[in-house]
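Participant: just need the structure, nothing else, for what follows:
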Amino acid sequence: MKRASIITWSIVGGVVVVGGIVTAVAFAASDGGPDAPPSVSPTTSAAASPSSTPDSTPTASAEPSADPSEADPSEPAPGGSAEPTPAAPVGPGQPTTEAPAAPAPGTTPVSATPFVTFDQWTAASSTLTVGATVPEVVEQGGACTLTVSKGATTVSGSFTALPSASSTDCGSMALSSPSFSAGTWTVSVAYASPTAAGTLSDYEVTIP
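Facilitator: This is a model prediction of the structure:
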């Protein structure tokens, strides 16, 4: 009986010893042992930062401003016209405030009696228009004066006269006035220039 117990304990002891050796070997393997080379963890190098690309777009330089002294004189200035607008030509029958020049000293103007060519009444604008001409006188520098009267009321105006082929034209002389009223009006047309003068005073118009 003792022999069997001794054998049993011997087997158990052997198992324990073997287990201890295996454990020691496993521990030494996990620790690397004194002669194991140290493990080196590879380190990743820092990523290179991208290099900035210089802007290749060229910068446009400002154009030099034009020198005013180098401007073409034939071109019109901004906001203005190259030439002034000509004034409208003055025709016969246009109102005027310029009196004809006086005759030269020692001279007597020739007689020149105007002739009425037509008359027209425009009620909408209270305008009386009288056309006249001075026969057998062809000259510049004269003026025609139209005077229309009825009782104590008088309407008058002076107008330019210009030469035509065989006479001097007073044109269509228009008088506008709120003083005009229905009835018969006496018309007088006087012509005057440095060399001729005359008056027509026996013409009448009837305003309806």
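Participant: this structure: strands as residue ranges?
Facilitator: Along the chain, the stretches classed as strands by DSSP state E are 110-111, 115-122, 127-135, 143-150, 153-160, 162-163, 167-176, 183-192, 196-207.
Participant: now those strands as a markdown table including distance to Ala99, mean pLDDT and mean neighbour count?
Facilitator: Every C-beta, even on glycine, is put in place using the N, C-alpha and C of the backbone. Listed next are the strands of the chain as a markdown table, based on distance: least, CB to CB, whole Å; pLDDT from 0 to 100; neighbours: other CB atoms under 10 Å:
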| stretch | distance to Ala99 | mean pLDDT | mean neighbour count |
| --- | --- | --- | --- |
| strand 110-111 | 19 | 94 | 12 |
| strand 115-122 | 22 | 97 | 14 |
| strand 127-135 | 17 | 97 | 21 |
| strand 143-150 | 7 | 97 | 21 |
| strand 153-160 | 8 | 96 | 17 |
| strand 162-163 | 16 | 95 | 18 |
| strand 167-176 | 15 | 96 | 21 |
| strand 183-192 | 8 | 98 | 19 |
| strand 196-207 | 12 | 96 | 15 |
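Participant: to Pro103, which of those strands lies closest?
Facilitator: Set against Pro103 and scored by CB to CB, the strands of the chain come closest in strand 196-207, at 8.1 Å.
Participant: quick one: neighbours of the residue lying closest to Thr153 once chain neighbours are set aside, just the number.
Facilitator: Counting by CB to CB, 6 or more residues apart in numbering, Thr153 lies nearest to Ser179, which is 5.2 Å off, once chain neighbours are set aside. Ser179: 12 surrounding residues under other CB atoms under 10 Å.
Participant: kindly report the same for the one 3 residues further on.
Facilitator: A total of 11 residues lie near Ala182 under the criterion other CB under 10 Å.
Participant: from Ala161, how far out is Ala112?
Facilitator: Ala112 sits 10 Å away from Ala161, going by CB to CB, to the nearest Å.
Participant: swap in Tyr191?
Facilitator: Following CB to CB, the distance that separates Tyr191 from Ala161 is 7 Å.
Participant: overlap of the contact sets of these two?
Facilitator: Counting by CB atoms under 8 Å, 6 or more residues apart in numbering, the contacts common to Tyr191 and Ala161 are Val134, Gly142, Ala143, Cys144, Thr168, Cys170.
Participant: which residues does the third one contact?
Facilitator: Put plainly, it is Ala143. Taking CB under 8 Å, 6+ apart, we find Ala143 in contact with Thr96, Glu98, Ala99, Pro100, Ser158, Phe159, Thr160, Ala161, Tyr191, Ala192, Ser193.
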